[in-house]
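Enquirer: sequence unknown, structure follows:
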C-alpha cells in the first residue's frame, strides 16, 4: 500500500471522535469483522489509527477506497464545512427519467477529459441524495486528497449543494460537469450559504413551516385562563406584548427556523435624515455592509422584538431569508413610486 | 448612549484666550487639525467631570495655558519617527491603568532588567511560571522610549520586552520576542502635577503576549514600586467618541471601513451585528455633524451615532441603541470594550495614546 494512502487513512481516522470510529469503520466495510475485533477501541486515537492502517495494509486498500471513509465522515459531520447552494435550469421540458449510471459516466467523463489527475467517488443515500467527492490534481501533480470538494445532489430537484472548500479555479469545471451529467443546461449560484446542510435543504425544499399572512383571531380562552404565575406580578403592556408575539409569529411562522449562522447585507441606499438635523444630504448612496451572526440566526432575530430590541413586525429584509432562499443581499433604493421600500436584485 | 444629563461644557468663551488661532508649527495641515480635534476631545471629555479630577470645567481653566502646548503635540509627532513606532502598530494591546510608581528611576533600567530576569527565573523554579513542558531561557530588556510622550512634563515611555531562546538552538541564534509591555504617559499633567516627588507617573500600560508573563511582570512591578494594575475597560460611551473622533481623521492612503460591532448576548441565541460604513461616507456624515471647528462636543457625537442608528433602523427595524457597542474599528485604530487597542497609523499614535492616558488616569482616581 502506498505511503500516501496510509498517511491519508491515518489522518482520516484521527478526525473521527473516538466513540464513532468503530461504527464508521463498519459502515466503510473495508475491514472484515474479524479484523475489527482485533482493534482495541479504548486506546488513544493515535494507536487506533495506526492499527487501522496496519489492517488496511493487509487488505491492500487503495486511495479510492480510502476516500469512501472520508465521505462517510463528512456525511455524519456535514456541519464542519460551509455549503453553498446552486440551482440548475432546464429549458422547460418535462422531467426526464434520472439514470444514475448515465449521470456518473457523464460526470466522470467531463472531469477526466479536462483533468487527468482527479479522484472521483460517488455514494448514494436513502433520501435520493448523491454524494460526490472530488480530489483535484493538475496535469503534473497527483490529486490533493486533503482539499476535496463535496457535492450533494438530490436528483429529483434542480438543487446542488457544494462545499465551499473548492479550489476556486476548479469550480467552473465542476459546474459544467454537473450540468452536462444531469441534462440541465445552466447552473447559477444562489446567495445562500451555511454550515448547516440540513437547514439549507429545509430552505430550498420548503420543508420548514412557512409564515402565512393569515389573520390570527384572538383566541377567547386567553382571557379566562387562570394565571399560573405569582399574583403579585403585574403584566404591564399586556396587550402590546401579545400583539408583538402574534405579529412575530405571523412573520416568522410557528415552527422551528432553519439553522443559519449569518446573513449579510450590502446597502447602497440613500441616507435620509430629519431635515431639522441639518446633516448629510448627499445625492449618492450611503454605502454600508451589515453582517448578522449567531449560532442560530433566525431564532435569534425572532427573539429580538419580544425582547424589545426591534419593532414588531421586524423588517422583511430579515424575515424573507427562508422564502427567498438567500442570506446574502444587495439592497438598493427603489426608484419610482415607493421611496421607502427597497429592492434587492 | 445619549448624552443624558451630562453637562455641556461652556467652551465658547474660554477657547483661545490670548487671541489668534495660536501658533502653528509647520506640520501638515491634516495633522494639526486632527491633533486639535483629538486634544479637543480629550479636553471636552474631561470637562464632564467624568474624566477630570472633579472640577466640572477643570480643563477649561487650563485652556489658555494649554494652548502653547497645542503645537507641541504636532512636534512630538514629528519626532516620532514612523520607523521607530512601527513595532507598536497592528498589534493587539491589552490596556491597564497603573498607579504612580514609587522611587522609579530612568537611570536604573538595566538593573531593573536584571532583577526582573532573576524574579522570572525564581518563579520558574517555583513552578509558577510559563507554559508546561517548555524550557525557555528568558531574557529581559527594559528600555526607554523618549519620543513617546505628549508634553515635556510627561515621563518617557518605558518598554519591557521578554525574549526567549530555546536551549536546543545554538548560543548565538536569534532570540524570539515573546512578550512586550510598555508604560506610558501622554499629556498626563493632570495626574503628574498632583503627585509627590518620589513618584513617577506612567498611568497607561499596554501588553502584548501571554497572560502568564503579564502576571509575573505585573507582580514584580507591584512589589518593587508599590503600584497597582487594573484592567482598563472602555465603555460604549467612550467607544462612540472614538468612532466619531477617528472617523474625522484624514488618512493618506485608502482608508478601511468604519466598523461598529454590537453584541446582544442576553437572547436565547446570542447575536452579533457588524455595521461597517464606507470611510468616505462616514467622514462625509461626520463632517456635516461636527459644526464647531477645533472641538467636539457630546451632542455632536450623539447626533452622529443617532444618524447611523436611524439609517440602520430604517432598513432592519432594529434598535441598535438597545444593544451593546463592543468594538469600534477605523483606519487609524480599533478599540474593544474589554480594553484592547490596535494602532494602525503612526501619525495618530500619540493622539490615541493621549485619550487612553486620560482614561487610565480617570480609572486611577
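Expert: In hand now; what should we look at? Note that this is a predicted model, so its numbers are computed, not measured.
Enquirer: can you give me the neighbour number for residue A:58?
Expert: Other residues near residue A:58 come to 11 when the count uses other C-beta atoms under 10 Å in any protein chain shown. Yep, even glycine has a C-beta here, placed from its N, CA and C like the rest.
Enquirer: check contacts around it.
Expert: Residue A:58 makes contact with residue A:35 under the criterion C-beta atoms under 8 Å, 6 or more residues apart in numbering or on different chains.
Enquirer: buried ones in the one helix or strand it maps to?
Expert: Using DSSP states H and E, residue A:58 sits within helix A:45-59. Neighbour-count burial for helix A:45-59, with 16 or more other C-beta atoms under 10 Å in any protein chain shown as criterion, is recorded at A:48-49, A:51-53, A:55-56.
Enquirer: run through the helices of the chain in chain order.
Expert: With no chain named, the answer covers chain A. With helices called from DSSP state H, chain A shows them at A:3-15, A:21-28, A:33-37, A:45-59, A:63-76, A:100-114, A:171-181, A:197-204, A:221-224, A:238-252, A:297-302, A:316-319, A:321-324.
Enquirer: nope, chain B
Expert: B:29-46, B:58-66, B:72-79, B:82-85, B:109-125, B:189-192, B:211-225, B:236-247, B:279-289, B:298-316, B:349-364.
Enquirer: between those, which one is nearest to residue A:10?
Expert: Of all the helices of chain B, it is helix B:211-225 that lies closest to residue A:10, at 34.0 Å by C-beta to C-beta.
Enquirer: rewinding a little: rank the helices of chain B by pLDDT, which is bottom?
Expert: Of all those, the minimum mean pLDDT falls on helix B:58-66 (a mean of 26).
Enquirer: quick one on the thing from earlier: quick check: angle from the helix holding residue A:58 to helix A:63-76?
Expert: Here the directions of helix A:45-59 and helix A:63-76 differ by 140 degrees (axes from the mean of the first three to the mean of the last three C-alpha atoms, to 10 degrees).
Enquirer: would you pull up how far helix A:45-59 lies from the middle of the chain?
Expert: In terms of C-alpha atoms, centre = their mean, to the nearest Å, the centre of helix A:45-59 is set 33 Å apart from its chain centre.
Enquirer: ok and the residue in the stretch 101-250 of chain A nearest chain B?
Expert: At 11.5 Å from chain B, residue A:247 is the closest residue in the stretch 101-250 of chain A, using C-beta to the nearest C-beta.
Enquirer: read off the pLDDT value for that residue.
Expert: 90.
Enquirer: what sits against residue A:293?
Expert: A:261-262, B:271-272, B:274.
Enquirer: ok, and the most crowded of those residues?
Expert: Busiest of the contacts of residue A:293 [other C-beta under 10 Å] is residue B:271, holding 25 neighbours.
Enquirer: ok, now which ones touch that one?
Expert: Residue B:271 neighbours (C-beta under 8 Å, 6+ apart): A:292-294, A:297, A:300-301, A:304, B:263-264.
Enquirer: those into TSV, with extra columns for distance to residue A:192?
Expert: Formatted as TSV, the contacts of residue B:271 follow (distance: C-beta to C-beta, whole Å):
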residue	distance to residue A:192
A:292	15
A:293	15
A:294	16
A:297	13
A:300	18
A:301	16
A:304	22
B:263	25
B:264	24
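Enquirer: could I have the buried ones of those residues as ChimeraX selection syntax?
Expert: Remark: buried members of the contacts of residue B:271, expressed as a ChimeraX selection using 16+ other C-beta under 10 Å:
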select /A:292,293,294,297,300,301,304 /B:264
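Enquirer: closest to residue A:91 among the contacts of residue B:271?
Expert: Using C-beta to C-beta, those come closest to residue A:91 at residue A:297, 36.0 Å.
Enquirer: tell me the pLDDT of that closest one.
Expert: Taking residue A:297 on its own, its pLDDT is 94.
Enquirer: is it true that it touches residue A:262?
Expert: Yes. Judged on C-beta atoms under 8 Å, residue A:297 makes contact with residue A:262 at a distance of 6.4 Å.
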